[in-house]
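# Compute the structure for the input listed below.
(one chain, ligands or ions: 1)
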Amino acid sequence: MKNFYKCAIIYPSNLIGFMEIVLMINKLLSWFKEECPHCKQQLIGQGSTTPATKACPDGHYKVETHPLLDVQIEYHTK
Ligand SMILES: [Zn+2]
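Purely as a prediction, here's the structure:
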């Protein structure tokens, strides 16, 4: 019975810690997935041209990646 109480006390805090990690990973993943920061839709690649351009389907957001310059240019249109 003593052990049960220990678990009951320890588990919630562990779960919260775990959730924080999951949220952090989701943030990183969403960054790599390249969602529109305004409507969270996945960005659509626009051909394989250089610079590579990805844009929100609703046109809120556009990213140009210049691999040679190692630069990303973001356009926010709301
Ligand atoms: Zn959008």
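# domain parsing for the protein?
In the domain annotation for the chain, the residue ranges read 1-33, 35-78 (automatic domain parsing).
# now check the last one, is it near the ion?
Yes. Judged by CB under 5 Å from the ion, domain 35-78 comes into contact with the ion at 36, 38-39, 56, 58, 60. For glycine as for every other residue, the C-beta is placed from the backbone atoms N, C-alpha and C.
# Now the two most distant members of those residues.
Farthest-apart pair in these is His38 and Asp58; separation 8.1 Å (CB to CB).
# neighbour-wise, which of those two wins?
Applying other CB atoms under 10 Å to His38 and Asp58 shows that His38 carries more neighbours, namely 14 against 11.
# May I have the secondary structure class of the more buried one?
Using DSSP: H, G, I helix; E, B strand; the rest coil, the structure places His38 in coil.
# OK, contacts around it?
56, 60-61, 76, 78 (CB atoms under 8 Å, 6 or more residues apart in numbering).
# could these go into CSV alongside distance to Leu68, neighbour count and secondary structure?
Compiled in CSV, the contacts of His38 are given as follows (distance: CB to CB, whole Å; neighbours: other CB atoms under 10 Å; DSSP: H, G, I helix; E, B strand; the rest coil):
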residue, distance to Leu68, neighbour count, secondary structure
Cys56, 25, 23, coil
His60, 27, 16, coil
Tyr61, 23, 22, strand
His76, 24, 11, strand
Lys78, 30, 8, coil
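# got those residues as TSV, with pLDDT columns?
Shown next, in TSV, are the contacts of His38 (pLDDT from 0 to 100):
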residue	pLDDT
Cys56	93
His60	94
Tyr61	91
His76	91
Lys78	71
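# Going by distance to Pro67, which of these wins?
For the contacts of His38, the nearest to Pro67 is Tyr61 (19.7 Å; CB to CB).
# wouldn't that closest one be in contact with Ala55 here?
Yes. Shown here, Tyr61 and Ala55 form a contact pair, counting by CB atoms under 8 Å, at 6.8 Å.
# Now list whatever residues contact both of these two.
Joint contacts of Tyr61 and Ala55 (CB under 8 Å, 6+ apart) are Leu43.
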